[in-house]
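Undergrad: With the input below, show me the fold.
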Amino acid sequence: MPLSRKLRYGMVGGGPGAFIGAVHRMAAALDGTMELVAGTFSSQPEKSRQMGEALHLDPARVYASYEEMAEQEAGRPEGDRIDFVVIVTPNYLHFPVARTFIERGFHVVCDKPMTTTLEDAEALCRLVAQYGVLFAVTYNYTGYPMVREARARVRRGELGAIRKVVVEYSQGWLATPLEQTGHKQASWRTDPQQAGAGALGDIGSHAEHLARYMTGLRLHALYADVHTCIPGRRVEDDAQVLLRYANGARGLLVASQISVGEENNLNIRVYGERGSLAWYQEEPNVFYVRSLDGPEQVLRRGNAYLSPEARHATRLPPGHPEGFIEAFATIYQNVGRALEARLTGEPAPAEVMDFPTVQDGATGVHFIQKALESSRRGVWLDMDYQPPET
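TA: Sure, this is the predicted structure:
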């Protein structure tokens, strides 16, 4: 039996001037099954109050700190408190905020990278297991229907054994010292105390997870060349990483935020024995399939010839583009249905459990730290890694 009400969530972060908080709110609202009822939107209580007013929230549920929010919401009756919390703060706060809410028994949706250290990431894995909560990390690009179609075709063996993976995430917005102008996003994303890593954490983690999700391959080793192009910048803004996978495949990952003229150029190409495929995030409703002895195929989102996995992530008929918000919403939709199953005591279908987990988050943090270490030492590093079980 479906839940007889909307799921209630609170948000930490996402205050005035924030980019990703608004994206999360739009995505959570898209399918009409969730409502924002509480939040602490800024470390400055007055800004948090202003954001709460703008979102028309009950002033009693707009809190001065995340600690107060966790305590007060946990003290509310079960039928009134939030069901889960969304964390959209700068990266260094992800761990303490998540830990605080997990220890109060709340489920968590957290932006990436999950933490700034591997120790914190593994601690979250253990906390999730201890308290039995759901934890999702918003690697949102896996929510695109055509990404799921590509993964389905790889799983069915249509490409044969995978030989090579090339994944690139290039932007140009940090090609100048933008952080020196007071730009809010640039300021915290280039501050190692708040962000942890630079391009590798901000966008390289997306590229690594996309390749892992689409191909199912596990990394065996990597060699990274990480560089800071802008004088005085305290984090890396450009990286090239050679990859070796456990099945013998080779790969290349590029993460750059100084590539002038690039907007959000995330793309991936997967080459197998019998065929290859390519997907470009800036044109997300199509992907390309190529074979040894046939013409290139261009597949389009929304059509009946696609896999059940792709159709599950599709909301509109063919010819009506779906994009960034819808991909984010697919993550929220699955998390929401998994939570509903928990609350009603019913099993969740397998397709509903298709969202990035706390272990995906830990694997991403492991990749970031190993890439930085490899570049610093100038050596290949072993990447065989298994995060703590949940």
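Undergrad: okay, CA-based contacts and neighbour counts for the rest of this
TA: Noted.
Undergrad: Please enumerate the helices of this protein.
TA: Using DSSP state H, the helices of the chain run over 20-29, 45-54, 66-74, 94-102, 118-131, 145-155, 184-189, 192-195, 199, 205-215, 308-312, 324-344, 358-377.
Undergrad: Could you identify which of the ones you listed is most buried?
TA: Most buried of these, by mean neighbour count (mean count of other Cα atoms under 10 Å): helix 199, with a mean of 29.
Undergrad: Determine the set of other helices and strands touching that helix.
TA: Counting contacts by 3 or more Cα pairs under 8 Å, 6 or more residues apart in numbering; DSSP states H and E, helix 199 packs against no other helix or strand.
Undergrad: quick one: contacts of that helix?
TA: Outside helix 199, the residues that touch it by Cα atoms under 8 Å, 6 or more residues apart in numbering are 235-239, 255-257.
Undergrad: cutoff 7 Å now
TA: Helix 199 is contacted from outside by 236-238, 255-257, using Cα atoms under 7 Å, 6 or more residues apart in numbering.
Undergrad: that older thread, same list, the helices of the chain, but as CSV with mean pLDDT and distance to Arg8 please.
TA: Shown next, in CSV, are the helices of the chain (pLDDT from 0 to 100; distance: least, Cα to Cα, whole Å):
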stretch, mean pLDDT, distance to Arg8
helix 20-29, 97, 10
helix 45-54, 96, 15
helix 66-74, 98, 11
helix 94-102, 98, 15
helix 118-131, 98, 20
helix 145-155, 97, 26
helix 184-189, 95, 28
helix 192-195, 97, 29
helix 199, 98, 33
helix 205-215, 98, 27
helix 308-312, 95, 23
helix 324-344, 96, 10
helix 358-377, 98, 21
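Undergrad: and of those, who's closest to Asn265?
TA: Nearest of the helices of the chain to Asn265, taken as Cα to Cα: helix 205-215 at 10.6 Å.
Undergrad: which residues touch the residue nearest to the spatial centre of the chain?
TA: Residue closest to the average C-alpha location in the chain (Cα atoms, centre = their mean): Tyr139, at 1.8 Å. By Cα under 7 Å, 6+ apart, the residues touching Tyr139 are 112, 206, 356.
Undergrad: give the contact list for Gly272.
TA: In this structure, Gly272 makes contact with 159-164, judged by Cα under 7 Å, 6+ apart.
Undergrad: same check, this time on Phe328
TA: Applying Cα under 7 Å, 6+ apart to Phe328 gives the contacts 27, 140, 143.
Undergrad: Rebuild these as TSV, extending it with distance to Pro77.
TA: As requested, these are exported to TSV (distance: Cα to Cα, whole Å):
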residue	distance to Pro77
Ala27	27
Asn140	32
Gly143	33
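Undergrad: Which of those residues lies at the shortest distance from Val226?
TA: Asn140 (24.7 Å).
Undergrad: ok, back up a step: who wins for proximity to Gln171 among the helices of the chain?
TA: Closest among the helices of the chain, using Cα to Cα: helix 199, at 9.4 Å.
Undergrad: roughly how far is that closest one from the heart of the chain?
TA: Between the centre of helix 199 and the centre of its host chain there is 15 Å, according to Cα atoms, centre = their mean, to the nearest Å.
Undergrad: Now the terminal residues of stretch 52-69, how far apart.
TA: 13 Å (Cα to Cα, to the nearest Å).
Undergrad: hmm, back to that, okay, and which of the contacts of Gly272 map to strands?
TA: Judged by DSSP state E, the contacts of Gly272 include 162-164 as members of strands.
Undergrad: Counting neighbours, what do you get for the residue nearest to Tyr66 when sequence neighbours are not counted?
TA: Nearest residue to Tyr66, sequence neighbours excluded (Cα to Cα, 6 or more residues apart in numbering): Thr40, at 6.0 Å. Neighbours of Thr40 under the rule other Cα atoms under 10 Å: 28.
Undergrad: Residue numbering should commence at 32 henceforth.
TA: All right, first residue 32 from here; so that's Thr71.
Undergrad: In contact with Thr71, which residues?
TA: 42-44, 79, 93-97.
Undergrad: Next one: the residue of the chain most remote from its centre from Gly306, what distance?
TA: The centre of the chain is farthest from one residue, Asp324, which by Cα atoms, centre = their mean lies 36.5 Å away. According to Cα to Cα, Asp324 and Gly306 sit 9 Å apart.
Undergrad: can you check Tyr123 too?
TA: 42 Å.
Undergrad: Please say which of the two ends up with more neighbours.
TA: Shown here are Tyr123 and Gly306; by other Cα under 10 Å, Gly306 has more neighbours (21 against 18).
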